[in-house]
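Enquirer: sequence plus predicted model, see below.
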Amino acid sequence: MKSKKKTIVPWMRFESFDVLVYVVLFIVLVFTFYPFFNSVILSFNDGQDAAAGGIYFWPRKFTLANYEDVFANAALGRAFVVTVVRTIVGTALCLLVTSLFAFAVSKPYLRLRKLYITLSLIAMYLNGGLIPTFLVIRSVKLYNNPLVYILPGAFNVFYAQVFIAFFRGMPETLDESAKIDGANEWTIFFRIILPLSLASFAAVGLFVAVGHWNSWYDNMLYMKKTEYNTLSYLFVQMINSQKALEDMMTAGTGGSMEMARAAGKTTTSVQLATMVVTVVPIMCLYPFLQKYFVKGVMVGSIKG
């Protein structure tokens with residue numbers, strides 16, 4: 001007689017270790033996602049009311065005053081355009097320059113290869129300091145020049161190491177067969193290596209783009225023309241202005257205190273609204289890069 005096959009309920013397929021892994025991952029998800037979720041909730045709540053605490057899952061006193069304060073700035077649209085252009089151009093240039101360097105030094109036949117790698121590693125761990133960097137930026141005519149957002153970050157040593165590890169894992173027969181067909185190094189890189197490296201480009205590109213999007217320190221140091229202010233730096237100014245206004249109201253008369261309460265805004269509530277407005281656009285990139293990102297973060301762990 002043929003033995004009947006046992007019907008396995010889907011949940012019975014999980015072993016005890018798998019269950020433990022999923023429980024730990026769920027706990028990590030809660031602890032990582034909830035702070036951001038709570039920040040979004042508080043950004044939609046009255047600032048004075050939120051200061052009393054006790055808000056966990058939904059706004060207790062819903063208001064859009066915090067976001068109205070953020071979007072009331074007339075320079076917001078111009079700063080958004082500057083930030084988008086900076087992120088797109090800066091990310092593309094960084095990927096191009098860094099990957100070309102990595103492709104070159106990944107070849108053992110490159111002359112002075114070890115010297116280039118050594119110099120780049122020294123530059124990664126040691127920098128010139130704030131004042132020497134400022135003097136260099138000014139001497140090369142990048143002070144008050146929008147190119148200061150892009151050119152200093154056109155090459156990144158750390159990401160170059162990621163690309164080098166990925167390129168070294170590619171079969172050497174790819175280059176050899178392409179050279180037999182008459183291809184030069186540029187053709188090999190753009191027609192063969194680049195299409196096969198989308199995973200590493202997506203992973204590195206996401207980190208570079210986030211860095212450009214959130215950067216404001218270089219704006220504060222090297223750019224005094226307000227028309228070239230970035231979104232992050234504009235938000236920093238708005239937060240500082242709100243804090244100064246709140247301090248003035250707190251130190252003022254009782255009528256000023258009543259105005260502060262009626263406004264329903266605090267420094268914290270405006271900061272949270274600013275954070276949400278800053279984070280959401282860059283978060284929209286992740287779904288488009290997700291299929292490449294998981295492969296890209298494994299670069300260098302498996303050769304072949």
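Expert: Great, that's in hand.
Enquirer: tell me, how many residues neighbour the nearest residue to I239 once chain neighbours are set aside?
Expert: Among residues not flanking I239 along the chain, Q271 sits closest, at 5.4 Å (C-beta to C-beta, 6 or more residues apart in numbering). To be clear about C-beta, it is placed using only N, CA and C from the backbone, and glycine gets the same treatment. By the criterion of other C-beta atoms under 10 Å, Q271 has 21 neighbours.
Enquirer: for N240, same thing?
Expert: N240 - counted by other C-beta under 10 Å - has 11 other residues nearby.
Enquirer: any idea how far it lies from Q271?
Expert: As judged by C-beta to C-beta, to the nearest Å, N240 and Q271 stand 10 Å apart.
Enquirer: that older thread, so which bits of the helix or strand containing the residue nearest to I239 are buried?
Expert: According to DSSP states H and E, Q271 maps onto helix 267-283. Going by neighbour count (16 or more other C-beta atoms under 10 Å), the buried part of helix 267-283 is 267-279, 282.
Enquirer: which two in those are spaced the farthest apart?
Expert: By the measure C-beta to C-beta, T267 and I282 form the most distant pair in the buried residues of helix 267-283, at 23.5 Å.
Enquirer: so where is this structure shaky, pLDDT-wise?
Expert: Where the chain drops to pLDDT under 70, the residues are 1-15, 242-265, 289-304.
Enquirer: just list the residues touching the most centrally placed residue in it, thanks.
Expert: In the chain, the centroid-proximal residue (C-alpha atoms, centre = their mean) is V210; its distance is 1.8 Å. Residues in contact with V210 (C-beta atoms under 8 Å, 6 or more residues apart in numbering) are I282.
Enquirer: am I right that it sits in a strand?
Expert: No. Going by DSSP: H, G, I helix; E, B strand; the rest coil, the assignment for V210 is helix, not a strand.
Enquirer: what distance do you get for it to A203?
Expert: Taken as C-beta to C-beta, the span from V210 to A203 is 12 Å.
Enquirer: D181 too?
Expert: D181 is 30 Å from A203, by C-beta to C-beta.
Enquirer: who's more crowded, the two?
Expert: Set D181 next to A203 and count neighbours by other C-beta under 10 Å: A203 wins out with 22 against 7.
Enquirer: helix or strand for that one, which one?
Expert: helix 198-214.
Enquirer: quick one: that helix to chain centroid distance?
Expert: Mean C-alpha position of helix 198-214 versus that of the full chain (C-alpha atoms, centre = their mean, to the nearest Å) differs by 7 Å.
Enquirer: for T226, which non-adjacent residue is closest in space?
Expert: T226's closest residue in space is A75 (C-beta to C-beta, 6+ apart), at 6.9 Å.
Enquirer: kindly apply the preceding question to I282 instead.
Expert: Closest to I282 by C-beta to C-beta, 6+ apart is W213, at 4.8 Å.
Enquirer: surely the one you found touches T87?
Expert: Yes. Contact status for W213 versus T87: in contact at 5.1 Å, counting by C-beta atoms under 8 Å.
Enquirer: what are the phi and psi values for F62?
Expert: The phi/psi pair for F62 (degrees, to the nearest 10) reads phi -60, psi 140.
Enquirer: beta partners of it?
Expert: Judged by DSSP bridges, the bridge partners of F62 are N45.
Enquirer: list the contacts of it.
Expert: F62 makes contact with 44-46 under the criterion C-beta under 8 Å, 6+ apart.
Enquirer: looking at those residues, which is nearest L121?
Expert: Once C-beta to C-beta is applied, the member of the contacts of F62 that ends up nearest L121 is F44, at 47.1 Å.
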